[in-house]
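1. kindly generate the corresponding structure for this input.
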Amino acid sequence: MNNSANKHCCGSNCHSDDNLQQSNNDLPQIDIKKMPDLTATHKQTHMADKLPFRLEFLMPKYWGIWLAFMIFLPLIYLPLRIQFMIGRHIGRLAFLLVKRRVKDTLVNLNLAFKDKSDDEKLKIAKQVFVNQGIGIFETLNAWFRPNVFKRTFSISGLQHLINAQKENKAVILLGGHFTTLDLGGRLCTQFFGADCMYRPQNNPLLDWFVYNSRRRIFDEQISSRDMKKLISRIKAGRVIWYSPDQDFGLEHGVMATFFGVPSATITAHRRFVSFDKKNPPVFIVMDMIRQTPDYIPKGKRPHYHITLSSVLDGFPSNDEQADAQRINDLFEVNIKKNIAQWMWFHRRFKTQASGKNFYE
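-> Numbers count the residues shown, from 1 in each chain. Model (predicted):
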């Protein structure tokens, strides 16, 4: 057996364990408390007006939602590792109780990953719910206590967005429905200000709560029905977050494969270039993945990585179906970084040309 010290190499430089330990000891220690808060480095340029409170929100039909607020909001003042632990248990409980969503998740995974065993897909499905349970706390902290995420994130590809902004281009940031969705918005806006497009919640109280919470992150929230506002923000050269990875039928989309399954794919964003023909927006695909496990040891912190693609050359083209397939393929690559961090419980394959219903 060779008893010489193990070596760690980076490029042409190699260091023995002893030397590496000595080098690490010589490095200055970073005091996180002395680092600037996320609220101090936030690139938001202005905060939109609040949605007004409505007296009807006090009616008994909303009491269950108020009770959930009262339970969860105080919990965000616990240490982050305790929040993650609670989130794991919530996710596991939801997997046992929310039968329809579990069924939809397994249907999606069975369609998308025919090469995986049933045990593998069941394990992924359980982790999807665990990640969503943790996502409750990631989201609430992103809205109300973002400074707990100091020194927990990194970004690659930022130069592509900066170069587009130097040309006074609006940037359509195509992001997916990951369980880290709202935290992704908070961490992205540490590097650049952004608007987001959204579909109003069906429940008026939840819509009021989510909108007023997200206004802490984004400059403007643009309803999918508000084309006038969208056009003005594109002409203003804004970064606009848009998520085209759900099934909203074929009124604003075409069929394209997603993980090998025919899927209704939104293509409405292709038309955004017509809103400013003199200086049309460019398109960048982004994702944010939690790179650390869902268990946080004492004294450790999670880590998240944001990836921005280069500007999509030749997008949109004259071929709507080819454009839809191109975006789906890029989203597949991002989802495969951590399959269980995408929201597989949505009915992604509900629209089928044959009329078949996979979810019956």
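2. spatially central, which residue of the protein would that be?
-> residue 181 (2.7 Å; CA atoms, centre = their mean).
3. relative to residue 281, how far out is that residue?
-> 22 Å (CB to CB, to the nearest Å). Just so you know, the C-beta spots here come from the backbone N, C-alpha and C atoms, and that holds for glycine as well.
4. same question for residue 199.
-> 20 Å.
5. the host helix or strand of residue 289 pairs with which strands?
-> With elements taken from DSSP states H and E, the one containing residue 289 is strand 282-290. Sheet pairing here is set by DSSP bridges, and for strand 282-290 it gives strand 171-175 (parallel), strand 304-308 (antiparallel).
6. buried deepest among those strands, which one?
-> The highest average neighbour count among the strands paired with strand 282-290, using mean count of other CB atoms under 10 Å, belongs to strand 171-175 at a mean of 24.
7. next SSE downstream of that strand?
-> Counting by DSSP H and E, the next helix or strand C-terminal to strand 171-175 is helix 181-188.
8. packing partners of that following helix?
-> Contact partners of helix 181-188 among helices and strands, from 3 or more CB pairs under 8 Å, 6 or more residues apart in numbering; DSSP states H and E: helix 118-144, strand 171-175, strand 282-290, strand 304-308.
9. need the ones you listed in CSV with mean pLDDT and distance to residue 351, can you?
-> CSV is the format used below for the helices and strands packed on helix 181-188 (pLDDT from 0 to 100; distance: least, CB to CB, whole Å):
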stretch, mean pLDDT, distance to residue 351
helix 118-144, 98, 22
strand 171-175, 98, 20
strand 282-290, 98, 23
strand 304-308, 98, 29
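10. dump these to TSV, plus distance to residue 322.
-> Putting these into TSV (distance: least, CB to CB, whole Å) gives the following:
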stretch	distance to residue 322
helix 118-144	30
strand 171-175	16
strand 282-290	14
strand 304-308	23
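11. looking at residue 199 and residue 281, which is more packed in?
-> Taking residue 199 and residue 281 together and counting by other CB atoms under 10 Å, residue 281 has the greater number of neighbours (22 against 12).
12. let me know the pLDDT of that one.
-> For residue 281, the pLDDT comes out at 98.
13. residue contacts, it?
-> If a contact means CB atoms under 8 Å, 6 or more residues apart in numbering, then residue 281 has 169-172, 234, 240, 272-273, 275 as its contacts.
14. and the buried ones among these, selectable in ChimeraX?
-> Taking 16 or more other CB atoms under 10 Å as the burial criterion, the selection of buried members of these in ChimeraX is written as:
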select :169,170,171,172,234,240,272,273,275
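15. got CSV for the contacts of residue 281, with distance to residue 116 too?
-> Below are the contacts of residue 281 laid out as CSV (distance: CB to CB, whole Å):
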residue, distance to residue 116
169, 40
170, 40
171, 35
172, 33
234, 41
240, 35
272, 36
273, 38
275, 42
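16. wait, which of the contacts of residue 281 is closest to residue 45?
-> Of all the contacts of residue 281, the one with the least separation from residue 45 (CB to CB) is residue 240, at 13.6 Å.
17. mind telling me what element that closest one is part of?
-> Assigned by DSSP H and E, residue 240 belongs to strand 239-242.
18. how about residue 262, secondary structure?
-> Reducing the assignment at residue 262 to three states with DSSP: H, G, I helix; E, B strand; the rest coil gives strand.
19. which SS state does residue 159 fall under?
-> What three-state DSSP gives for residue 159 is helix.
20. mind starting the numbering at 16 from now?
-> Right, with 16 as the first residue, what we last looked at is residue 174.
21. adjacent strands (with direction) for the strand holding residue 255?
-> For strand 254-257, the pairing partners within the sheet under DSSP bridges are strand 186-190 (parallel), strand 210-213 (parallel).
22. got the CA coordinates for it in CSV?
-> Backbone C-alpha positions of strand 254-257 (Å, rounded to 0.1, in the frame of the first residue of the first chain) are rendered in CSV as follows:
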residue,chain,number,x,y,z
VAL,A,254,-35.8,41.4,-17.8
ILE,A,255,-39.1,39.5,-17.7
TRP,A,256,-39.4,36.1,-16.1
TYR,A,257,-41.8,33.8,-18.1
